[in-house]
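Enquirer: I need the structure of the sequence given here:
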Amino acid sequence: VGARELICSTGPKHSKENYEALAAKRAAAALIDPEQMFRQGEYEGKYSSYDERGVPTHGEDGTELPKSAVKKLVKLYEVQVKKYAKAIAAGAPQPAPEPSPTVSEAQEPEAMTVPDGACL
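Expert: Model (predicted):
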């Protein structure tokens with residue numbers, strides 16, 4: 001094996017499959033709503049209380065987090081806000097909101113009568 005092959009070859013670290021897997025993982029992570037970010041995935045169960053943005057303020061045991069820890073979490077939150085906004089702007093599908101009741105599920109409205117000559 002020559003020196004040129006060692007320097008220029010693409011090893012297992014730089015394979016196309018690894019790149020595609022990493023890109024898919026990052027795309028999926030960008031679709032997580034920043035307000036829900038610390039309530040699911042790797043952060044699930046670590047925190048018991050959150051502020052209005054969804055940033056943790058208390059640990060799982062109920063003790064208040066140190067100011068330095070909250071500051072780091074706020075930075076992570078702000079990065080996620082940017083990633084999420086970019087993903088939504090790029091046309092990525094948003095998570096479906098709670099379905100609203102359809103006409104068939106709701107009460108049927110009474111039949112309306114339209115007077116003759118009325119403009120609709």
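Enquirer: quick one: K46 and K67, what's the gap?
Expert: Counting by CB to CB, to the nearest Å, the gap from K46 to K67 is 17 Å. Every C-beta, even on glycine, is put in place using the N, C-alpha and C of the backbone.
Enquirer: more crowded one of the two?
Expert: Under the neighbour definition other CB atoms under 10 Å, K46 and K67 were set side by side, and K46 has more, 11 against 8.
Enquirer: Would you confirm that that one contacts E60?
Expert: Yes: K46 lies in contact with E60 (CB atoms under 8 Å); the separation is 5.6 Å.
Enquirer: Please name the bridge partners of P56.
Expert: On the basis of DSSP bridges, P56 is bridged to Y50.
Enquirer: doesn't L73 make contact with it?
Expert: Yes: judged on CB under 8 Å, P56 makes contact with L73 at a distance of 5.7 Å.
Enquirer: Overlap in contacts, the two.
Expert: With contacts taken as CB atoms under 8 Å, 6 or more residues apart in numbering, P56 and L73 have 38, 65 as neighbours in common.
Enquirer: How about residues contacting stretch 36-47?
Expert: Applying CB under 8 Å, 6+ apart, the contact partners of stretch 36-47 are 32, 50, 54-60, 65, 73, 76-77, 80.
Enquirer: again, only using 7 Å
Expert: Contacts to stretch 36-47, defined as CB atoms under 7 Å, 6 or more residues apart in numbering, come from residues 50, 54-56, 58-60, 73, 77, 80.
Enquirer: and if you look at stretch 52-62?
Expert: Outside of stretch 52-62, the residues within contact range by CB under 7 Å, 6+ apart are 34-39, 45-51, 64-65, 70, 73-74, 77.
Enquirer: For F38, see how far away L22 is.
Expert: Taking CB to CB as the measure, L22 falls 23 Å from F38.
Enquirer: Neighbour count: the two, which is higher?
Expert: When neighbours are counted by other CB under 10 Å, L22 and F38 differ, and F38 comes out ahead with 22 against 10.
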